[in-house]
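Student: I need the structure of the sequence given here:
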Amino acid sequence: MNQDQNDRLQLEMVEAAEFDGRRPEGFARKVLLGTALAWALFQLWVASPLPFSLAVGVFNDTEIRSIHLTFAIFLAYLSFPRRKVITHTIPIADWVLALVAAICAIYLFLFYEALSDRSGAPTSLDIAVAMLGLLLLLEATRRALGWPLMVIGICFLGYTFSGPWLPDLLAHKGASLARVASHQWLSTEGVFGVAVGVSAGFVFLFVLFGSLLEQAGGGHYFIRVAYALVGHRRGGPAKAAVLASGLTGMVSGSSIANVVTTGTFTIPLMKRVGFSAEKSGAIEVAASTNGQIMPPVMGAAAFLMVEYLNISYLEVIKHAFLPAVLSYIGLMYLVHLEAVKAGMQAEKRSRALTLKQRLLGWGLTLSGVSCFLFLAYWLLAMVSKLFGDYSFYANAGLVLLFYGLLIYCEVRCGLRTRQQESAETMTVGTALLGGLHFLLPILVLVWCLMLLRLSPATAVFYSICLMIVIQLTQEGLRALFLGGSVIMGIRHGFTTLVVGMEYGARNMIGIGVATATAGIVVGTVSLTGIGQVMGELVETLSLGSVVLMLLLTALICMILGMGLPTTANYIVVSTLMAPVIVQLSAAHGLDIPLVAVHMFVFYFGILADDTPPVGLAAYAAAGISNGDPIRTGLQSFYYDIRTAILPFMFIFNTNLLMIGIDSLLEFLVVVSQGVVAMLLFVSATQGWLLVRNRLWETPLLLLVVFSLFRPDFWQGYFFPAMEWRPVQGVESHIDSLPLGGKVRLQVEVEDEESLMRTREIIFTKPESHTGGYLKSMGFITEPDGDTLRVIDIGFLSAAEQAGLIAGFNHRITGYYSQSKQPHSGWFLIPPLLLMGGILWLQYRRSNLREQTNLGV
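Tutor: This is a model prediction of the structure:
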């Protein structure tokens, strides 16, 4: 299959996966294209500094959200048919629905001031528009994403209205039609809330950036580099799929798009070297799904976390980086073990290189790239100092100069011609250097985010501007240096730019309506208090066990996430389940950082992408591999078990999220522990380390894995971190803590059945302690023997927020103070010795097998 045929096949598969097969022609095609381009240009306009510089076209956040959803819902009805059949026309009914839905969405923009004046007192027209908008939004969601999210939206709306008639556990006072309409559609508490705001402010731009990069050739570049690096190794195509999906996933907003982008190339090659259809598809699905946890985009969830957690974008990236890398290292090793177990051999290349030649080639290539990156960094920093206020324009010119030089070197060195070779025969140097200019927009993005500390929207805007320049000029520059037609090259670039913008906008349709529908869930939670109901339900089912509570939460997240895109997935699971973990962990005396909680629910929501029976990514991969989609989904979920254990580890060991790491040595130790533990876990689940595992070796390997991931468990088991003390010294203990320190109290709490239960509750040391620290935390107490009887709970106090209710009997029986412990590093020695013993035994068996095979 030549490159043009492969490109055409990939384009058709992306369209089938993302757009359901509606490919209108004639006037409808022009309207679809024009609307998509208008949407892309609008998002670029509001992200640019031009509106404020020119004092023209300035919109507030609510107006931007309204216009954003207007484009999304209008295109949803034009792009997705009522039934999933191939069609080249758009029925009159869909035109009408598209226009009416657009009018309902733009209503907030058109009557923004009037709605602000009568906030909370909607007119009959307001209510009619809101209810019609909600119904049309749900139908648009069904068309674009299928039934799951639509059903979730309907259930939550139904829960809002049916509160008075539900059982006691689920009951609430309900809400009127006017109240629901005002809350869900006419305010920023529901549909037009934070989720749509993030979609309009950040997500669209990153999806557009990824689309432009793909259309310019960046996707093929990543695949070529991945295959050149590992494609000739044992199980090489599968390893190339993992590496390419990881690179693509950094800027991709969709697991499905990732599957069809890289899978059209890698899945047939995997089948050719001996992987079954189901395993080929499952490897691609696992790699593509994990792309959604890979910074910097994380399926756009990174930007939602910024808003929900009120932390910086760089902090989110820092916390997410190590678990994502560990997951990909584990998958790469898993693929290697699958190839070893199947007896696959490394590919013999036509020109075999000695180890010295390979090392020299690698060294020269990596040294050249490193020198280029260092030179670029040094020059940009130098220009910033020399030009002062004009450094932005000088740096822009420098980046463009680098771009021109890279294209010139590519042409003069013949790299462009050699890229037309088969990817299987391409060398690392040719693949890496023959498209190095595609890394410039990513470097600009990183530079703007990490060094200039610009907002994500502004940073990606400048990266898109560079990407537009690359698309418009790369073919023209190549033609100029080769003596070809510059005009034809620029025309080709303009065509790819238009296609990239169209696909960026059309890829956003599902995300746009999904975030809006997920806003219904958010609005329902704030309107009815269902979050507390979920907490009580999970607490009842978990029987007081924190681990069981986390398992139930993970299961609910996977169920809620089935069939949802990454952004909607995260919104739903974080809104419903993150508060549950925070509430119940605090009730059991655990102080889990909020970012760890959100990462936990995010990971398990993502795993729904390959969980049968819905696993949409598995269906897309099965379509390419011609395998069974259910078996593909089950196999990919089995591969993703290594990803599923990470959230349970970083909930208790927050070092994996780079929390509490104070030195380079500590960082290296944490990374080493994580890598070794992940590799051993894969060996345990695959039943193979150096040779096939004995039955007793697998549980021992899992014990080593647990000990490496959680050395603090054994540290706390043998040397408890906290020592119980009677309550009489609690005030002096709190006073000795630093400001913001944690206080762990032992409290006897009376429940609704008049039973006394002992709880450990963690509080933050209050800044003010007038009348005593306990009083500042909300405890009004009197002595009662060796305890303090709580006679009242302060209104809106820390004690009340911890779940203690005035009117019930409570007693403070004691507190916990920090005790001395040996360093957790000492507890790494036994598992490392055990690992060494298993490796030695397997090494002996491996030697014996080789000797037997040789007839010795």
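
Student: what's near enough to touch the spatially most central residue of the chain?
Tutor: Most central in the chain under C-alpha atoms, centre = their mean is Met298, positioned 3.1 Å from the mean C-alpha point. Each residue near Met298 by C-beta atoms under 8 Å, 6 or more residues apart in numbering is listed here: Gln292, Val316, Ala320, Thr566, Phe602. Heads up, the C-betas are built off the backbone N, CA and C, glycines and all.

Student: Now render the residues you listed as a markdown table, adding pLDDT.
Tutor: What follows is the contacts of Met298, written out as a markdown table (pLDDT from 0 to 100):
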| residue | pLDDT |
| --- | --- |
| Gln292 | 81 |
| Val316 | 87 |
| Ala320 | 89 |
| Thr566 | 73 |
| Phe602 | 87 |
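
Student: and which of these is nearest Ile92?
Tutor: Proximity to Ile92 was ranked across the contacts of Met298 by C-beta to C-beta; first place goes to Thr566, at 34.4 Å.

Student: In a strand, Glu748, correct?
Tutor: Yes - applying DSSP: H, G, I helix; E, B strand; the rest coil, one finds Glu748 inside a strand.

Student: Pull out the buried residues from stretch 512-530.
Tutor: Buried residues in stretch 512-530, counting neighbours by 16 or more other C-beta atoms under 10 Å, are found at 512-525, 527-528, 530.

Student: no wait, stretch 100-110
Tutor: Result for stretch 100-110 [16+ other C-beta under 10 Å]: buried residues Val100, Ala101, Ala102, Ile103, Cys104, Ala105, Ile106, Tyr107, Leu108, Phe109.

Student: Contacts for that stretch next, please.
Tutor: 62-63, 65-67, 69-70, 72-74, 76-77, 115, 129-130, 132-133, 136-137, 140, 185-186, 192.

Student: hmm, 6 Å instead?
Tutor: Applying C-beta atoms under 6 Å, 6 or more residues apart in numbering, the contact partners of stretch 100-110 are Glu63, Ser66, Ile67, Leu69, Thr70, Ile73, Phe74, Val129, Leu132, Gly133, Leu136.

Student: what would the residues you listed look like in a markdown table with neighbour count?
Tutor: What follows is the contacts of stretch 100-110, written out as a markdown table (neighbours: other C-beta atoms under 10 Å):
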| residue | neighbour count |
| --- | --- |
| Glu63 | 16 |
| Ser66 | 23 |
| Ile67 | 20 |
| Leu69 | 31 |
| Thr70 | 23 |
| Ile73 | 28 |
| Phe74 | 25 |
| Val129 | 22 |
| Leu132 | 17 |
| Gly133 | 26 |
| Leu136 | 22 |
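
Student: Keep only those of those that are in helices.
Tutor: Glu63, Ser66, Ile67, Leu69, Thr70, Ile73, Phe74, Val129, Leu132, Gly133, Leu136 (DSSP state H).

Student: For the first one, which non-adjacent residue is closest in space?
Tutor: Nearest-residue entry for Glu63: Phe109, 4.9 Å, with adjacent residues in sequence omitted and distances by C-beta to C-beta, 6 or more residues apart in numbering.

Student: that older thread, okay, and which of the contacts of Met298 map to helices?
Tutor: Counting by DSSP H, the contacts of Met298 contribute Val316, Ala320, Thr566, Phe602 to helices.

Student: hey, where'd the helices end up in the stretch 301-450 of the chain?
Tutor: Secondary structure of the stretch 301-450 of the chain (DSSP state H, counting those that start in this stretch): helices at 301-309, 313-341, 355-387, 391-412, 415-418, 428-433, 439-446.

Student: and the ones in helices among the contacts of Met298, which two are the farthest apart?
Tutor: Val316 and Thr566 (14.4 Å).

Student: quick one on the thing from earlier: export the buried residues of stretch 100-110 to TSV and tack on pLDDT?
Tutor: Formatted as TSV, those follow (pLDDT from 0 to 100):
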residue	pLDDT
Val100	96
Ala101	96
Ala102	96
Ile103	96
Cys104	96
Ala105	96
Ile106	96
Tyr107	95
Leu108	93
Phe109	93
